[in-house]
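Participant: Make a model of this:
(3 chains)
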Amino acid sequence: MKLRCMKNTLLRFLTAGVLFGTLISSPAANITVKGSDTLVILAQKWAELYMAAHPGTKIQVTGGGSGVGFAALQNRATDLANASRSIKADEVAECIKSFGKRPSEYKVALDGLSVYVNAESPLKELTMEQLAMIFTGKIKNWKSVGGPDAPITVYSRENSSGTYEFFKEHVLGGKDFVSRAQTMPGTAALLQAVSKDKNGIGYGGAAYGAGAKALAIKKSDDSPAISANEETVVGGTYPIWRYLFVYVNPAVDKGEVSAYLNWMRSDAGQAVVKDIGYYPLPKPFRSDSK
Amino acid sequence: MAGAGITLAATLLILLILAIILGNVLWHGLPSLSFRFVFSGADRDMFDVNKAGILPMLVGTASRVILMSFFVIPVGVITAIYLNEYAKPTSATTRVIRSAVNNLAGVPSIVFGLFGMGFFIHFAGGSMDRLFHPGSAEPVWNKPGILWASLTLAVMTMPLVIVATEESLKAIAPGLREASLALGATKLETVRKIVLPQALPGILTGGILAVSRAGGEVAPILFTGAAYYMAHYPQALTDQFMDLGYHVFVLSTQSPNVDQTRPILFATVLTLLLLTFTLNVVAIIIRARIRRGMRAAH
Amino acid sequence: MTSGTTHPLENADPWAGIRRGQQRRPVEWLVERAIHAISLSAIVGVFLIFIFVAREALPIVLGRATSASATQVIPLEGLDTRSPAEIQKYLGLTPEQFAALDRDAKVDLMNLKLETAKGASKDRDAAVNTLEWRYLLLPYQWSGYDKPEMIWQPVSSIHKYNIIPLLIGTLKATIVALLFAVPLSLAAAIYVSQLSSPRLKEWLKPGIELLAGIPSVVLGFFGLLIMASFLQEVFGYESRLNAFVAGIALGFAIIPVTFSIAEDALTSVPGSYVHGALALGSTRWQAAWRIVLPAAIPGVFAAVVLGFGRAVGETMVVLMASGNASIVSASLFDSTRTITATIAAELAETVFGEHHYRMLFLLGALLFGVTFLSNLVAESFIHRLKKQLEGKA
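Facilitator: Residues are numbered from 1 along each chain as shown, chains lettered A, B, ... in the order given. Predicted coordinates for the structure are as follows:
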């Protein structure tokens, strides 16, 4: 009795296995998008809206990070590569080796990086130079930048994130973060930490968290302090901003792919950008498709 | 007697810690745990409290552990049968196998992740691509996917299955085997028809423990298959998947608004805990029965 | 048959009598071979893990990998004056690629090389191969630093791979975890195995082992969101996430491990020891503390060693609760970056085969080695315990 029972179970398992096996088939996506986790939600929103308007097109979005997207682009494993930083020289070289041309670069949105301190901090603004000194560890006490006499706790992002590299290049001038900097696996963890630490300072994309506030930034000592909002980021007066990119192999940049890229950069596509927490492209950068 | 009091206090403290963790998660998670939350997708927005659901993560986690059990249960059970029924207990091979099983149980989970990446994805996947898809521009197997994650987890949980199965094999009265052999059955027949059916509860325990352990593990699947976000369910063995445990990590570290997403974070943790705990409790109950049976057999 | 004696079939080859008859059944023989082969999979598994983790790290160990970014540059005119083979090697192309690319693409590649060289050559450390052992282990004064330091900064124009900060970080979190978990679980093990009533024991043991059912990502979440703030309020230290918080959360993860091994060891001490002590007038506590614990001490050591192995290898808890700053300091209240968290946080974006990728595999191999050793040590302790008890009983 027991044995028959077991045989039956075994059979069922086998059938299930075979069924599972036969189900193996890739979805017929005509456009694949891969890359930066910063962009993945935005890319997904875009894909959804575009697919709703163009039922014939299937778009598949996966994250993994900017580097992952570039690797996939080199291997021709994806049509579009999302990136929160611009492509590096060696990545361009790999692309040329793989398909003979530089990949085409499209700017698809703007991202303003904010510098966060604890809500209780009396500080309102910092200059770019002060920021660099704080994050490289040259300034260790809030007193030196007009705050209370307390040591600064520096919060940074993991070095695998595009945000980390961007901040390092553009604010720190390529210098190393102070090794005391606590590295957080995401913007949420960073904000959480800053909101709980009255001596904390950190950076990240536009995000919200009770207990932390974004500082206004001065380009230099005598320039005005500017806080990040759509007007200042898009207008270019806020100093810490970056483009978000989509890269594509020029050989596939035609037909559906090309239409989709155009749509992303059109007014319709850019309308989505704000909902996600980024800033839309300035008018001259947009495409003129409907 | 002060010492005895201290030991009692330590025992209670451990149970208290357990209670605090569970209580906290239950208290904060229960209000936001709803039917809609568990059974709707994340296709709208995975950080939106009113829209986000965790069905894709549940499906991903379930499929990777089911796939894993296809690999780990047969191999684990057969190894246990060999160790208990065939091998000479004192032989060098047996000792080395046992030592290997012990060591496998102690390897850190992140090392399994590295192994999965180095062996399954780059070596096995790379070779398969060279063999079956030569000239194909895009990698088919040489990338993270649910198959590789499941295999990695299978290697990781094998010791659990082996140990649990062996325990139940030991609980079977030797007289049963002797009787079967005396009636003229061969050894294989005895194992198949007498020993295995008797050991079924133990195999089940091992399977459940493996599933529960693997279900909550995140480190081994970080690089072998888990996706940060995916709009569709995994449809092929080579697809990536969203995962419940990884989602807990994502929600607690990458959400754009910590305070707003806190309810879904707690609800996700609660779901994960409910799953692993139910499985654990079931395994503990079955195991207690086996142990009782073992005492009766000897 | 009495329960104390072993069954005659248990130790000897239980199937010896039938072996001969079986050899004549080919199917049975085949199946048996197959079973034997499959049973070796655990060995194969451990072996493969070691091979494939170590393989990726090998070039660094052998000193074959280089991270030096300054290279010889061939000016653009070189494309016409130098031999094709030289250009092909310079651009890192395979012969097929070289043949397939047109002249524009090659010019583009040459330009990229020039750009990279221009960007890198400014730094005086650009020619340094930071993967050499002395840079991995010893302090060095990098350009832009005031004094020799041990730095882990893999994503940088000069990749700094000193692993000492990570070793210190791992050790700090592990020590806190052990200091917290070992006394607690040992005391609980004494209580559960020696002092509690059998009925109570049936509830307590699975209850404590339920702690093992909490996934480590949940412990990490608990440490990050709830415990960190609570402990900071109690102890009032500076940085919210640090070795102490991570260590305590890590302790939760290793309590079930140390508890169940210590409990097993204590339970395995024959009841006659306790009975003898009680008969001589000692209390249950005296019997447990003075007789049973010393007898089971190798098992207790095994529990500590295995707890150590588990703590060193735990990933998600430390990734989320430790603050992940690679600081070289003795304070337990500083943020700390462990080996496991480093691998988990950095591997995803490294390029396959590149030196950062290999460096992380080297850390993995190190981790594997440490846990492998601790397993062997624990096993030998348990073996000794068994022998000791058998010898005396």
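
Participant: Could I get the contacting residues of A:D176?
Facilitator: A:D176 makes contact with A:136, A:168, C:142, C:144, C:151, C:153, C:156, C:160 under the criterion CB atoms under 8 Å, 6 or more residues apart in numbering or on different chains. For every residue, glycine as well, the C-beta is placed using N, CA and C.

Participant: low-scoring stretches of chain A, by residue?
Facilitator: Flagging of chain A using pLDDT under 70 yields the residue ranges A:1-29, A:207-209, A:288-290.

Participant: ok, which stretches of it are strands?
Facilitator: Counting by DSSP state E, chain A forms strands over residues A:31-35, A:59-62, A:80-83, A:104-112, A:114-118, A:125-127, A:153-157, A:182-184, A:200-204, A:212-214, A:216-218, A:241-248, given from the N-terminal end onward.

Participant: Which one of the residues in the stretch 151-300 of chain C is closest to chain B?
Facilitator: When you check the stretch 151-300 of chain C against chain B by CB to the nearest CB, the closest residue turns out to be C:P215, at 2.5 Å.

Participant: coming back round to it: among the contacts of A:D176, name the buried ones.
Facilitator: Applying a neighbour-count criterion of 16 or more other CB atoms under 10 Å in any protein chain shown, the buried members of those are A:136, A:168, C:142, C:151, C:153, C:156, C:160.

Participant: Which pair of those spans the longest distance?
Facilitator: Comparing every pair within the buried ones among the contacts of A:D176 by CB to CB identifies A:K168 and C:W142 as the most remote, at 15.1 Å.

Participant: How about the residues of chain B by chain A?
Facilitator: Listed as neighbours of chain A in chain B under the rule CB under 8 Å from any CB of the partner chain: B:43, B:45-47, B:70, B:137-139, B:143, B:193, B:196-197, B:200, B:227-232, B:235-238, B:240, B:249-261.

Participant: just those residues that are near chain C?
Facilitator: Cross-checking these against chain C (CB under 8 Å from any CB) gives B:249, B:252-253 as the overlapping residues.

Participant: from those, which is closest to C:S331?
Facilitator: Relative to C:S331, and with distances defined as CB to CB, the nearest of these is B:T253, at 24.7 Å.

Participant: Got a quick ChimeraX command for the buried subset of the residues of chain B next to chain A?
Facilitator: Those of the residues of chain B next to chain A that meet the burial criterion (16+ other CB under 10 Å) are gathered into one ChimeraX selection, given here:
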select /B:43,45,46,47,139,143,196,200,227,228,229,230,231,232,237,238,240,249,250,251,252,253,254,255,256,257,258,261
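
Participant: which one is A:H170 nearest to, not counting chain neighbours?
Facilitator: Closest residue to A:H170 apart from its sequence neighbours, by CB to CB, 6 or more residues apart in numbering or on different chains: A:I240 at 6.6 Å.

Participant: Now do the same contact list for that neighbour.
Facilitator: A:112-115, A:128, A:167, A:170-171, A:203, A:217, A:228.

Participant: if we go to 10 Å?
Facilitator: Applying CB atoms under 10 Å, 6 or more residues apart in numbering or on different chains, one finds that A:I240 lies in contact with A:111-115, A:128, A:131, A:166-167, A:170-171, A:203, A:217, A:219, A:226, A:228, A:233.

Participant: now C:L101
Facilitator: A:96-97, A:99-101, C:88, C:91, C:93, C:107-109.

Participant: if we go to 7 Å?
Facilitator: Contacts for C:L101 were tallied using CB atoms under 7 Å, 6 or more residues apart in numbering or on different chains; they are A:G100.

Participant: Repeat that for B:I110.
Facilitator: For B:I110, counting by CB under 7 Å, 6+ apart, the contacting residues are B:219, C:313, C:315, C:340, C:343-344.

Participant: Next, it: secondary structure please.
Facilitator: helix (DSSP: H, G, I helix; E, B strand; the rest coil).

Participant: same question, the one 10 residues further on
Facilitator: B:F120 falls in the helix class when you classify it by three-state DSSP.

Participant: of all the residues in the stretch 101-250 of chain C, which ones are close to chain A?
Facilitator: Where proximity means CB under 7 Å from any CB of the partner chain, the interface of the stretch 101-250 of chain C facing chain A comprises C:101-102, C:105, C:108-109, C:112, C:115-116, C:144, C:151, C:153-157, C:224, C:229, C:238-241.

Participant: show me where chain C has strands.
Facilitator: The residue ranges that make up the strands of chain C, judged by DSSP E, are C:152-153, C:160-161.

Participant: Output those in TSV, with distance to B:A80 and mean pLDDT appended to each entry.
Facilitator: Supplementary listing: the strands of chain C in TSV, determined by distance: least, CB to CB, whole Å; pLDDT from 0 to 100:
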stretch	distance to B:A80	mean pLDDT
strand C:152-153	43	89
strand C:160-161	43	90
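
Participant: got CSV for the ones you listed, with distance to chain B too?
Facilitator: Below are the strands of chain C laid out as CSV (distance: least, CB to the nearest CB, whole Å):
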stretch, distance to chain B
strand C:152-153, 17
strand C:160-161, 17
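
Participant: got the contact list for the residue nearest to A:G173 when sequence neighbours are not counted?
Facilitator: Beyond its immediate neighbours in the sequence, the residue positioned closest to A:G173 (CB to CB, 6+ apart) is A:A132, lying 6.3 Å away. Taking CB under 7 Å, 6+ apart, we find A:A132 in contact with A:171-173.

Participant: What's the ChimeraX syntax to select whichever of those residues are buried?
Facilitator: A single ChimeraX command is used to select the members of these judged buried by 16+ other CB under 10 Å:
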select /A:171,172
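
Participant: Looking at the contacts of A:A132, which is nearest C:V257?
Facilitator: A:L172 (42.3 Å).

Participant: gap between the closest residue to B:L58 other than its chain neighbours and chain A?
Facilitator: Spatial nearest neighbour of B:L58, chain neighbours left out: B:L244 (6.3 Å); criterion: CB to CB, 6+ apart. Separation of B:L244 from chain A (CB to the nearest CB, to the nearest Å): 17 Å.
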